[in-house]
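Participant: build me a model from this:
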Amino acid sequence: MGSAKAINPVSGPQPVSAAAAQLERIAGEGCARHPYLNTLLDTSGRHAGRDLADAIHLLCQLHGRHPGPIEMALLRSAPGPIRSWLEQASESFERERLYLVRLTSAVGPIPSTPGAMVTESSLLAARHALETLALSERGGCALGAATALVGDWWPIRRLLDRAASRAGIECPAPSLPDENSVVAAITAIADNPSSARALAFGGEQLLLQHRALFDVLEARAEARGDY
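Facilitator: Presented below is the predicted three-dimensional model:
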């Protein structure tokens, strides 16, 4: 009788944690992938100044108001690790908000662009969408939006710093929560499929609004004949 051979079970793909999925979502669906953001970061043509100014003004209209998605989520958060993370994120993002507001003065007025009413309608819809995410009753949705905002702000921060450098003002050091704290916050809430789905939805929708903003910026540059 021949010797028995050990049978190695075939291992399938390991499930991805909610935190890892969120980080992958931000990297793959965030504004860092938008061609027009990279155009703004790389361009040095004669229209670069007004295109950057346009971006700063529209970003300020979306994220320069208080309370934003993080603060709204914080107001509804119960004591615990999620609230602690949101407090840290809120404090850090307030500094980013002040930087953004200061930049709007430094870069000059918003460029005159055809279709201004369409832009205003798009921004109004985007602000309403962010508010809806932050105030959602679905457990995990607000955190999904907040963590996506923090993660997707890094490429936006590069844009802010480029505009600041061009305008001749100081670029403050960023202080947003790091990736490890984002992972810890998500791990504390996404302990069931329902929370994980809500978190994914909040993240996806926040990233969608950011991409839509850069779509608007690109269309505005085209309307001005800059792009």
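Participant: need the helix or strand of the chain with the lowest average pLDDT.
Facilitator: helix 179-189 (a mean of 91; mean pLDDT, DSSP states H and E).
Participant: okay, buried residues for that helix please.
Facilitator: Neighbour counts over helix 179-189 (16 or more other Cβ atoms under 10 Å) mark 181-186, 189 as buried. To be clear about C-beta, it is placed using only N, CA and C from the backbone, and glycine gets the same treatment.
Participant: and which of those residues is nearest to residue 50?
Facilitator: Lowest distance from residue 50 to the buried residues of helix 179-189 (Cβ to Cβ) belongs to residue 182, with 34.6 Å.
Participant: just give the nearest non-adjacent residue to that closest one, would you?
Facilitator: The spatial neighbour of residue 182 that comes closest, neighbours along the chain excluded (Cβ to Cβ, 6 or more residues apart in numbering), is residue 147 at 5.1 Å.
Participant: quick revisit: of the buried residues of helix 179-189, closest to residue 153?
Facilitator: Closest to residue 153 out of the buried residues of helix 179-189 is residue 182 (11.5 Å), distances taken as Cβ to Cβ.
Participant: quick one on the thing from earlier: now the element after the least confident helix or strand of the chain, going C-ward?
Facilitator: Note on helix 179-189: by DSSP states H and E, the next helix or strand toward the C-terminus is helix 193-224.
Participant: residue 22 - how many residues pack around it?
Facilitator: Using other Cβ atoms under 10 Å as the criterion, residue 22 is surrounded by 27 other residues.
Participant: list the buried residues for the helix or strand containing it?
Facilitator: Counting by DSSP H and E, the secondary-structure element that holds residue 22 is helix 18-29. By neighbour count, and taking 16+ other Cβ under 10 Å as the criterion, the buried residues in helix 18-29 are 18-19, 21-23, 25-26, 29.
Participant: hmm, who's touching stretch 131-142?
Facilitator: Counting contacts by Cβ atoms under 8 Å, 6 or more residues apart in numbering, the residues outside stretch 131-142 that touch it are 68-70, 72-73, 76-77, 144-146, 189-190, 194-199, 201-202, 205-206.
Participant: let's go with 6 Å and repeat that
Facilitator: Outside stretch 131-142, the residues that touch it by Cβ atoms under 6 Å, 6 or more residues apart in numbering are 69, 72-73, 145, 189, 195, 198-199, 201-202, 205.
Participant: so what's residue 173 up against?
Facilitator: Taking Cβ under 6 Å, 6+ apart, one finds nothing in contact with residue 173.
Participant: which SS class is it?
Facilitator: At residue 173, secondary structure determined by DSSP: H, G, I helix; E, B strand; the rest coil is coil.
Participant: can you give me the distance of residue 162 to residue 107?
Facilitator: 11 Å (Cβ to Cβ, to the nearest Å).
Participant: please disregard the earlier target; I meant residue 154.
Facilitator: 20 Å.
Participant: who has more neighbours, these two?
Facilitator: Counting neighbours by other Cβ under 10 Å for residue 154 and for residue 107 shows that residue 107 has the greater number, 22 against 15.
Participant: quick one: contacts for the more buried one?
Facilitator: With contact set as Cβ under 6 Å, 6+ apart, residue 107 has these partners: 53, 56, 163, 167.
Participant: since that was my last question, I'll sign off now.
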